Structures are given as C-alpha cells and as structure tokens.
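Participant: Just the structure for this:
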Amino acid sequence: MMGEGHLIKKDVNWANEKKKIVYIAALLYVLVTGHSFLFTKVALEGGGPVDILAHRFVAAFLGLAIAMALGWVRVSFKKSEVLRILPLALFYPLSFFGFQTVGLMYATSAEAGIITAAAPIFTLVFASIFLKEKSTALQTGSIIVSVIGVVYVGVMKGATLDTNNILGIVLLALSALSLAGYNVLARSLTKSFTNIELTAVMITISFITYNLVALFSRLST
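Facilitator: As a prediction, this is how the structure comes out:
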C-alpha cells in the first residue's frame, strides 16, 4: 500500500511539473510572439517581406540542421507522412507568417497584437465546427477576458484600428485565421507525430518555399 501511495504521489508531482513546463513554454511563446511584431516592423524598414521570411527560415533550418547533426533531434519520414503534415505547414508557418509579415507593411505592430489576440476565439469556433468540441463557460469566458485585456491595454497605450490601414488589417486577420486553423488541425496530427517531427517538417517546407520565392523574385527583377 505504501508503495502504491508513493507511486501515486510521484505521478502527481510529475503531472504538476509538466503543468509548470507548459505554463512556462506558453509564457515564452507569448513573449516571443509579442516582440516578433516589433522586430518584423523594424526589419521591414530595411528589407522586403519575402527576404525577411527567407532569412527567418534559413535561421530556423540551420538551427534544426545543427540539432540533428549533434543528435539532439532525430526525425525520419516517408513521403506519405510528409504529405499528411503538408496542410498543417500551409496554415503555419507559411500562411501565418506570410500574411503577418506583409500585413505589417501596412499596419502597426500594436494593431497586429490586437488582431492576433482574436486567434483563440477563431480557434474556439473552428474547434466546435470541425472537431465538434464543446467548450465550458469558464473556457469561453477566459478567452474573451484575455482578448478584452489585450485590446484594453492596446487602447490605453493609444493603439487603434486605423481604417486607413485596411489592407494590413485584412492580412493580419487572415494571419490570425491561419493560426486558428493550425491549432485545430494540429490536435489530430499530434496523435500520430511528435512535436519535434511536426516542427521539423514545417520548418523544412517553409525554408524551401520562401527561399524559392525569394530566388525567383530576385531573378525576375
């Protein structure tokens, strides 16, 4: 009995540790995402969106290649498996970063933050339609409160959705929709693939796509 109690306690402690890791990862994700709007806006002052996207995924692919070369990451895929992950990569990172980067040419980083904050609401709607998931009142309320909080902070800082930046706002909205589509599609694929496997394929596809676009763009000018 004591042995069983010790195992249960150990499992509970491990579950709590996993929750802490998840919360820390979510916090880091928010920090990186929030600053990425600012950094992308600054980068657009010195380069075009296609070049920025190409450089971004060259860096990501190099990081992946180094991790694989050192044995930190091991992935192996068949063609059919890559094709299964391809729709996920189309949503994120391809569409998400593509719409976001071009949208930031016409909108401010504050506007990007406000619009992207709506992604959880889109995810909730998509999940209920395509996955038949039912959210609790607490989950729905928490999402709405978080979105209102982001909008409130933005407004207090003087951020507004300027209708003169309508093209940028539309592109950023498409970016948020792409993120929501990724969130829903990823739920089914994570049952068949690890996070590392999904990330490796998404980075590789984006690296090839954006660098080919950048190359053709250079050759056509």
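Participant: quick one, strands of the protein?
Facilitator: Read by DSSP state E, the chain holds no strands at all.
Participant: where are the low-confidence patches of it?
Facilitator: Across the chain, residues meeting the criterion (pLDDT under 70) sit at 1-16, 150-164, 221.
Participant: ok, now which ones touch residue 202?
Facilitator: 85, 88, 89, 92, 93 (CB atoms under 8 Å, 6 or more residues apart in numbering). (C-beta placed from N, C-alpha, C; glycine too.)
Participant: could you redo the last one with a cut-off of 7 Å?
Facilitator: 88, 89, 92, 93 (CB atoms under 7 Å, 6 or more residues apart in numbering).
Participant: Figure out how far stretch 85-98 is from the centre of its chain.
Facilitator: 9 Å (CA atoms, centre = their mean, to the nearest Å).
Participant: now do stretch 108-121
Facilitator: Centroid separation for stretch 108-121 versus its chain: 13 Å, with CA atoms, centre = their mean.
Participant: before we move on, what about stretch 206-221?
Facilitator: 22 Å.
Participant: Need the contact partners of that stretch.
Facilitator: Contacts for stretch 206-221 (CB under 7 Å, 6+ apart): 50, 51, 53, 54, 57, 58, 60, 61, 89, 93, 94.
Participant: One more: stretch 40-50?
Facilitator: Outside of stretch 40-50, the residues within contact range by CB under 7 Å, 6+ apart are 52, 101, 102, 104, 105, 109, 210, 213, 214, 217.
Participant: and those residues, which are buried?
Facilitator: Among the contacts of stretch 40-50, the ones that count as buried by 16 or more other CB atoms under 10 Å are 52, 101, 102, 104, 109, 210, 214.
Participant: Would you check which pair of the contacts of stretch 40-50 lies furthest apart?
Facilitator: Farthest apart among the contacts of stretch 40-50 by CB to CB are 109 and 217. That separation is 24.5 Å.
Participant: Can I have the buried ones of the contacts of stretch 206-221 as a PyMOL selection?
Facilitator: Here is the PyMOL command that selects the buried residues among the contacts of stretch 206-221 (16+ other CB under 10 Å):
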select buried, resi 50+51+53+54+57+60+61+89+93+94
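Participant: which two in the contacts of stretch 206-221 are spaced the farthest apart?
Facilitator: 51 and 89 (20.5 Å).
Participant: quick revisit: dump the contacts of stretch 40-50 to a markdown table, plus distance to residue 27.
Facilitator: Below are the contacts of stretch 40-50 laid out as a markdown table (distance: CB to CB, whole Å):
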| residue | distance to residue 27 |
| --- | --- |
| 52 | 26 |
| 101 | 24 |
| 102 | 28 |
| 104 | 23 |
| 105 | 29 |
| 109 | 20 |
| 210 | 28 |
| 213 | 33 |
| 214 | 33 |
| 217 | 37 |
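Participant: where do the helices sit along the protein?
Facilitator: Remark: helices assigned in the chain by DSSP state H are 2-43, 49-69, 79-89, 96-103, 109-116, 119-130, 137-156, 166-189, 195-220.
Participant: Now do the last one and helix 49-69, the angle between them.
Facilitator: The directions of helix 195-220 and helix 49-69 differ by 140 degrees, with axes from the mean of the first three to the mean of the last three CA atoms, to 10 degrees as the criterion.
Participant: Counting neighbours, which bits of helix 195-220 end up buried?
Facilitator: 197-207, 209-211, 214.
Participant: any idea which of those is the one closest to residue 129?
Facilitator: The closest of the buried residues of helix 195-220 to residue 129 turns out to be residue 198 (CB to CB; 22.6 Å).
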